[in-house]
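# here is my input, please return the structure:
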Amino acid sequence: MNKVRKIRTRTKVILGVILFLFFKIVSPYFITPREIKELNNNMNFPYKFISPLEEFDEDGWEKESREYGVQYVDLQGNYITFDGYPDLANSHKLTCLSTDNSEFVLFGIHIGDNMTIVDRIMKGNGYKREKTYGDHYMYYKGKIYISLSTNRIEREVGVVETLRAFVISIRSSDWFHKGYYK
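Coordinates of the predicted model:
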């Protein structure tokens, strides 16, 4: 009787470990792509995250080489980055966007919006605020990180913060570093 109980306990532990490993291996391919699709569907940028470098039109952008990829900067100082790192993939994918363009929209948020409203919208879309560094708010959801720069204006009623710029980046969750999401 004791022997049967030990075998059942051991079986449950082994099954639990197998399920945990299965989740760690499979989840990056199911969870994060959905988040990336949600991000892409809720912004008005002509290029989508994790799209290949080959789809990018360099007109109006200046190319800068990087250790693990390439970065493009426009005349206004906005930049986008195509990386293969940390996955060491053969092709480079769009992994970072930095802009202060007033026409850029993310989840209905525009440059100049009040940060109280922005914070509510980000949290309403499932993003957690990690930390606030002076004039930067950091949000994350899965492997998507969004840094929002603000302008601080002191008024009689207190400090008013408005959105100045977006930096959106995607970190790989490819546990075995075999390549970005397909």
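# low-confidence stretches in this structure?
Scanning the chain for pLDDT under 70 picks out 1, 26-32, 85-90, 172-182.
# need the longest helix for this protein.
helix 2-41 (DSSP state H).
# right, and the helix or strand after it?
Sequence order places strand 62-65 as the next helix or strand after helix 2-41, per DSSP states H and E.
# and that following strand, what does it pack against?
Judged by 3 or more Cβ pairs under 8 Å, 6 or more residues apart in numbering; DSSP states H and E, the packing partners of strand 62-65 are strand 69-73. Heads up, the C-betas are built off the backbone N, CA and C, glycines and all.
# now tell me what touches the strand it packs on from outside.
53, 56, 58, 61-65, 79-85, 92, 95 (Cβ atoms under 8 Å, 6 or more residues apart in numbering).
# narrow those residues to those that are buried.
Buried members of the contacts of strand 69-73, scored by 16 or more other Cβ atoms under 10 Å, are 53, 56, 61, 79, 80, 81, 82, 83, 84, 92, 95.
# what two of these are the furthest from one another?
61 and 84 (18.7 Å; Cβ to Cβ).
# I'd say residue 48 and residue 97 touch.
No: with contacts counted by Cβ atoms under 8 Å, residue 48 stays clear of residue 97, the gap being 10.2 Å.
# more neighbours: those two, which one.
residue 97 (21 against 15; other Cβ atoms under 10 Å).
# quick check: which element contains the more buried one?
Residue 97 belongs to strand 93-99, assigned by DSSP H and E.
# give me the helices and strands touching that strand, please.
Using 3+ Cβ pairs under 8 Å, 6+ apart, strand 93-99 sits against strand 79-83, strand 158-170.
# do I have it right that residue 52 meets residue 92?
Yes: counting by Cβ under 8 Å, residue 52 touches residue 92, with 7.1 Å between them.
# what is the helix or strand encompassing residue 131 packed up against?
According to DSSP H and E, residue 131 maps onto strand 128-133. Packing partners of strand 128-133 (3+ Cβ pairs under 8 Å, 6+ apart): helix 115-124, strand 136-141.
# can you do 7 Å?
Strand 128-133 sits against strand 136-141, with contacts defined as 3 or more Cβ pairs under 7 Å, 6 or more residues apart in numbering; DSSP states H and E.
# my read is that residue 96 contacts residue 169, right?
Yes: between residue 96 and residue 169 there is a contact under Cβ atoms under 7 Å: 4.3 Å.
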